[in-house]
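# Only the shape, not the letters, is given here:
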């Protein structure tokens, strides 16, 4: 080791820093059983001389995780979360200078901890979402202080960086321990479900704020230097212009960094306070459906251009079911983000109403989501919400209060233009004593009528009567998609592209291709969804029968669904119906694995019986073997894959009176509330009955994929109308030796033990009373 290193390591500060880090390593060893300094991964990382080589080494160690989480989501974790995190850790390490010498390298030790955490996650399906949130949150903290590593470091600031490294090491050790013990939960809900990890994250937060205060002090030192240089210029011109420009640039950079720290802190507080629904998953799904070139006619058209330019404008885009309104909305949002928000010319916030998600079907969810998006983009909006938060701290805000706060932001003068998008308003319920859709329409009309000079509103929906009555008159721009020639051309382009890109359809001869394109163009009536469903059926047909099929195509979307149901084999009728029931009435979209649990139940008796050996190896393929592919959609989310209806119109059709009035073969597929809640209550209770004192509590959701849903929501299904009595009577008869008790923890119900029949009566009483509450 060089003499310089010896001097560094022998200084009091350096010895203090090293002792702090060694204590953290000892605690990591106690949590994980691993000595990082002697682990082969750290040995490999020590020889890495570039950021890329360190990242590649960590990825190599994490390959086991990637192999388990196959597909785009594993790649996203590596590229969008892991790589930036490792990069920030190494940049922060530069701020330590030669504090630890050349042999002991804290940043590479921490990176080794990241790699070992990923390796520990192999085979734990719940860990994926938690790791994404963990890496994202930690990166947010570290990014906030990255700017300060570019200036000369004082011992107090170096100590803060060291403590941040220690805090990160503590989090990695605790998270690894949680995973090994099977307790890792969604990070965003309860910070991995661990108070210890929550405490460490709070410690990191305090450190970043402490560094920002130190940097503010540093600003005054730079200002003092600047003033001295100005004095020199005025006296004997000794100071150079470059020196002053450097000082001014340093001030600007630090002020920006401090402001970002404060805004990020407020953003986290706002997110926790508001708990808004997240529309980004909807946005990503709609972007994925966008066919290249199909939206150019609108994005580059006069109406959209004028709407963007005219302050206080309102655009109502409406169309039939399946006309591509949501896809077009996603394209508008992307355009505004790319050309306006990123250049500082505009602020963009959006919301997707979603028939699959109750949290995205009401005014409260819309306002909360838009508020948090605006606060993230502007200090002025953050200041308004900070004042609102301080006035309402300690109690949940009402929807009316949140609405007033949003209007105050929208009315703020001298701000960049604000672009607000609300998609699929028709997917919000229009029934009940206070219909959610009516509340939304009233609020949005109030915003529109206010004509805030810098606010641009866009709403998409079907032209339903109640929506048309409220929105038609105040609309600055009203566009009916089926009346637009650009929509017709876009559908033709979509059909041509689909035919030419499909491995089977592109082999058709030109006459067949032209016939398909021409027929679908005539029948589409502006609906992409209709065209998609027909192509989905035509692609598997032999060319010899395509012509006859085209002559007998269904005329409408509902007729298309009718025809699709008729092709379900008789042996699959009951299971397909159960799948439709669960997708329609589950409290949120179920994962592929959870919904596929339907296949392990025998429904011959009053209560279903559970057969784990019936579980399919490929859950997704098993589900799709019972249901038409055009009815269901498998949506990738951060936590895995969820099953949803491919389009709102599918759910409408299955719950409509149209199918009820069809032939007996089709009416059997009608989805009604009472039978559906009964089914969900039965499978939830039967799932919970599989748990006893010998069950591995840490891995229940892995052993029983439906367990988490069942434990959290069985009561809601049992409470529906008269479901409780029929289900409970069946449960007592079928499981006469089991008792239930209410868990003091997270789940409202954990079945346990084999007891005498007298316990069954207590169980019935307990469950029935809970269902009535």
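Great, that's in hand. Here the structure is a predicted model, which is why all the values come from computation and not from measurement. Residues are numbered from 1 along each chain as shown.
# Which parts of the stretch 201-350 of the chain are strands?
Per DSSP state E, counting those that start in this stretch, the stretch 201-350 of the chain carries strands over the ranges 314-318, 346-352.
# Phi, psi for residue 705 please.
Backbone torsions for residue 705, taken as degrees, to the nearest 10, come to phi -60, psi -20.
# Residue 599 is in contact with that one, correct?
No. Contact criterion CB atoms under 8 Å: residue 705 and residue 599 do not qualify, at 11.3 Å. Quick note: C-beta positions are derived from backbone N, CA and C, even for glycine.
# quick one, phi psi at the spatially closest residue to residue 322 that is not a sequence neighbour?
Leaving aside its sequence neighbours, residue 322 sits nearest to residue 529 (CB to CB, 6 or more residues apart in numbering; 2.3 Å). Per-residue torsions, residue 529: phi -60, psi -40 (degrees, to the nearest 10).
# same question, residue 300
phi -100, psi 10.
# mind checking how far it is from residue 169?
Going from residue 300 to residue 169 by CB to CB, to the nearest Å gives 52 Å.
# repeat for residue 311
Residue 311 is 51 Å from residue 169, by CB to CB.
# Between the two, tell me which one has more neighbours.
Each of residue 311 and residue 169 has its neighbours counted (other CB atoms under 10 Å); residue 169 has more, 24 against 12.
# Which of the three states applies to residue 422?
strand (DSSP: H, G, I helix; E, B strand; the rest coil).
# From residue 464, how far out is residue 435?
12 Å.
# re earlier: would you list the strands of the stretch 201-350 of the chain in CSV and tack on distance to residue 401, mean neighbour count and mean pLDDT?
As requested, those are arranged in CSV below (distance: least, CB to CB, whole Å; neighbours: other CB atoms under 10 Å; pLDDT from 0 to 100):
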stretch, distance to residue 401, mean neighbour count, mean pLDDT
strand 314-318, 25, 24, 96
strand 346-352, 19, 24, 94
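# Dump those into a markdown table; add distance to residue 390 as well.
Shown next, in a markdown table, are those (distance: least, CB to CB, whole Å):
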| stretch | distance to residue 390 |
| --- | --- |
| strand 314-318 | 33 |
| strand 346-352 | 23 |
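# Residue 163 is nearest to which of those strands?
Nearest to residue 163, of all these, is strand 346-352, at 35.8 Å by CB to CB.
# The very next helix or strand once past the closest one vs strand 346-352, what angle?
Sequence order places helix 363-377 as the next helix or strand after strand 346-352, per DSSP states H and E. Counting by axes from the mean of the first three to the mean of the last three CA atoms, to 10 degrees, helix 363-377 points 150 degrees away from the direction of strand 346-352.
# Against which helices or strands is helix 363-377 packed?
Contact here means 3 or more CB pairs under 8 Å, 6 or more residues apart in numbering; DSSP states H and E; on that basis helix 363-377 packs against helix 241-274, strand 346-352, helix 379-392, helix 399-410, strand 417-423, helix 436-450.
# one more time with 7 Å, if that's ok
helix 241-274, strand 346-352, helix 379-392, helix 399-410, helix 436-450 (3 or more CB pairs under 7 Å, 6 or more residues apart in numbering; DSSP states H and E).
# just flag whichever of the ones you listed has the lowest average confidence.
Lowest mean pLDDT within the helices and strands packed on helix 363-377: helix 241-274, at a mean of 60.
# ok, back up a step: looking at the strands of the stretch 201-350 of the chain, spot the one closest to residue 56.
Taking these one by one with CB to CB, strand 346-352 is closest: 35.7 Å.
# Direction included, what does that closest one pair up with?
strand 417-423 (parallel) (DSSP bridges).
# Quick one: mean pLDDT for the strand it pairs with?
Per-residue scores along strand 417-423 average to 95.
# how big is the angle separating it from helix 379-392?
70 degrees.
# which residues touch strand 417-423?
Strand 417-423 has contacts (CB atoms under 7 Å, 6 or more residues apart in numbering) with 311, 326, 329, 332-333, 336, 340, 345-353, 366, 370, 410, 444, 454-460.
# With stretch 275-294 instead?
326-327, 330-331, 333-334, 350-352, 354, 357, 359-360, 365, 368-369, 372, 490, 493-494, 497, 635, 637.
# just to revisit the earlier point, distance of the residue nearest to residue 322 relative to residue 320?
9 Å.
# before we move on, the earlier item: tell me, what's touching residue 705 and residue 599 both at once?
In contact with both residue 705 and residue 599: no residue, using CB under 7 Å, 6+ apart.
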